[in-house]
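> build me a structure from this.
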Amino acid sequence: MTRIANPELFKERILVHLRLNTDVNHPKVSRQLQALWDISDLTVRQAVGLLRDDGEPIASGARGFFYATSPEQLEPTIDNLQERIAVMSRRRSKLIGAKNKMREIAGGQRLLFTNINK
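Down below sits the predicted model:
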């Protein structure tokens, strides 16, 4: 049974494995890393995120994760993260708009009911 574990506990293991066993032409998909330590996809992705937070050059793409050895190898990952930031920012703005609209409607309904009772 795959377990969701503390990603801090697997960060170093994943880093060493990616350094020694991957390159741009031989990435590892999350499923392969999960199988090594019987951990969940979420744990793998969180550990990779923590490694990136530490400045480790972990690149990723449709074919998996790998330890980048040149700036050019990081470009697609950086571009992907930038696209995700833009999408999240747009969705955040839309949700703020929806929240504000809900408040306006709720405020208007209160006024409507307040006026009826007068």
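> now do the helices in the protein.
8-21, 30-37, 41-53, 71-116 (DSSP state H).
> for the shortest one, list the C-alpha coordinates in CSV.
These are the backbone C-alpha positions of helix 30-37, laid out as CSV (Å, rounded to 0.1, in the frame of the first residue of the first chain):
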residue,chain,number,x,y,z
SER,A,30,6.9,9.8,-10.3
ARG,A,31,5.7,6.2,-10.4
GLN,A,32,9.2,5.0,-10.6
LEU,A,33,10.3,7.1,-7.6
GLN,A,34,7.2,6.0,-5.7
ALA,A,35,8.0,2.4,-6.2
LEU,A,36,11.5,2.8,-4.7
TRP,A,37,10.3,3.9,-1.3
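> tilt between it and helix 41-53?
100 degrees (axes from the mean of the first three to the mean of the last three CA atoms, to 10 degrees).
> check which helices and strands helix 30-37 is in contact with.
helix 8-21, helix 41-53, strand 64-67 (3 or more CB pairs under 8 Å, 6 or more residues apart in numbering; DSSP states H and E). Glycine gets a C-beta too; all of them are placed from N, C-alpha and C.
> now with 6 Å?
Helices and strands touching helix 30-37, as assessed by 3 or more CB pairs under 6 Å, 6 or more residues apart in numbering; DSSP states H and E, comprise helix 41-53.
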